[in-house]
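Asker: Need a 3D model of the following:
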Amino acid sequence: MITVANASVKYDNRFVFRDLGFTLPKGKIGAILGSNGRGKTSLLKAIVGLQKLTGGSIQTTGRIGYVAQKTEITFSYRVLDIVVMGRAPHVKMFRVPSVEDYEIARKTLTDLRLDHLIYQPYSKLSGGERQLVMIARALASECRILVLDEPTSALDLANQLVIFQALLKVAKKSGLTVLMTTHAPQQVSLMCDYVLLMYNAEESEWGEVDSTLNAENLERLYGIPMREVKVSSTEKTFVPLISTTEI
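Answerer: Below is the predicted model of the structure:
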């Protein structure tokens, strides 16, 4: 579970967000939407302890796995070795990863359909493949909370689906709590239970996806007309209303 209460972050004399609050229950998937520079990444960093709050508090339950937008690895480790690094919380000091640690890393890669990359040098992977490996590393830690900063921004549609299916499966099976940022309301509608809309530094809205994610709120969030489109009786998506005469 993640509980954010009256949280604020300020750089110099400017608040990135102020008095923000929400609770994401255990085993649920939440998303954060907002325009560039709205403070989404700062909020995630505050949740995982990489950003100090100006005010308020954040409480979490269980180990946190964090996947940044980009991760630079200096040495050319194999993919398997990168994922085994996620087992660090389970390896005693001055010990090396066990056979079990490597088996868990292999299984995690298999679940994400990355078997073919196991022995590949990380430095030779594409940007999307690297992001998948970082997600595998976080999951291999057996974290109870997974925090992801735009996890699918470098992925093609097929690999986006792999990530969605894996996160939904793990969240349902083991009670993993997932919080991510994204710029795709369609993703939120498809896989999330809750959404945080960060309108500006002073205003935000948190709620269940079905009641909070709508065309009116998205238009306010991004400043462009939006339309809700029914895909089926249970699914919907959102498209911007852009006229070619305005381009």
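
Asker: Please, which helix or strand holds the closest residue to Ala201 other than its chain neighbours?
Answerer: Using CB to CB, 6 or more residues apart in numbering and skipping residues adjacent in sequence, the residue nearest Ala201 is Phe15, 4.5 Å away. To be clear about C-beta, it is placed using only N, CA and C from the backbone, and glycine gets the same treatment. Following DSSP states H and E, the helix or strand that holds Phe15 is strand 14-24.

Asker: Show me the strands paired with the helix or strand following that strand, marking each as parallel or antiparallel.
Answerer: Helices and strands here follow DSSP H and E; after strand 14-24, the next one along the chain is strand 29-33. Within its sheet, strand 29-33 is paired with strand 177-181 (parallel), strand 194-198 (parallel), according to DSSP bridges.

Asker: Any chance you could list what contacts the last one?
Answerer: In this structure, residues lying in contact with strand 194-198 by CB atoms under 8 Å, 6 or more residues apart in numbering are 17, 20, 22, 24, 28-34, 38-40, 43, 188, 204-209, 212-213, 217, 221.

Asker: Now for Val220: which residues touch it?
Answerer: Residue 220: Arg, not Val. So, once contact is read as CB under 8 Å, 6+ apart, Arg220 ends up touching Tyr199.

Asker: And the biggest helix by length in the chain, what does it pack against?
Answerer: Secondary structure of the chain per DSSP state H: the longest helix is helix 157-174. With contacts defined as 3 or more CB pairs under 8 Å, 6 or more residues apart in numbering; DSSP states H and E, helix 157-174 has these neighbours: strand 29-33, helix 127-140, strand 177-181, helix 185-191.

Asker: nearest to Asn159, of these?
Answerer: Among those, helix 127-140 comes nearest to Asn159, with 5.8 Å by CB to CB.

Asker: Give the buried residues for the worst-scoring helix or strand of the chain on mean pLDDT.
Answerer: For the chain, using mean pLDDT, DSSP states H and E, the weakest element among its helices and strands is strand 236-240, scoring a mean of 72. If you call a residue buried by 16 or more other CB atoms under 10 Å, then strand 236-240 has these buried ones: Lys236, Phe238.

Asker: Give me the distance from stretch 59-67 to the chain's centre.
Answerer: With CA atoms, centre = their mean, to the nearest Å as the basis, stretch 59-67 stands 12 Å off its chain's centre.

Asker: ends of it, how far apart?
Answerer: Across its full length, stretch 59-67 reaches 19 Å end to end, with CA to CA, to the nearest Å as the criterion.

Asker: again, but for stretch 136-152
Answerer: Taking CA to CA as the measure, stretch 136-152 stretches 13 Å from start to finish.

Asker: residue ranges with poor pLDDT in this protein?
Answerer: Judged by pLDDT under 70, the chain has its weakly predicted residues at 231-235, 241-247.

Asker: about what we covered before: quick one: closest of the helices and strands packed on helix 157-174 to Glu103.
Answerer: Distances from Glu103 to each of these were compared by CB to CB, and the smallest falls on helix 127-140, at 10.4 Å.

Asker: Show residues contacting whichever helix or strand comes after that closest one.
Answerer: Past helix 127-140, further along toward the C-terminus, the next helix or strand under DSSP H and E is strand 145-149. Among residues not part of strand 145-149, those counted as contacts by CB under 8 Å, 6+ apart are 1-2, 40-41, 44, 47-48, 60-69, 135, 138-139, 167, 170, 176-181.

Asker: can you rerun that using 6 Å?
Answerer: Here strand 145-149 makes contact (CB atoms under 6 Å, 6 or more residues apart in numbering) with 41, 44, 47-48, 60, 62, 64-69, 138, 176-181.

Asker: hmm, back to that, and for the residue nearest to Ala201, the neighbour number?
Answerer: Other residues lying near Phe15 total 17 when counted by other CB atoms under 10 Å.
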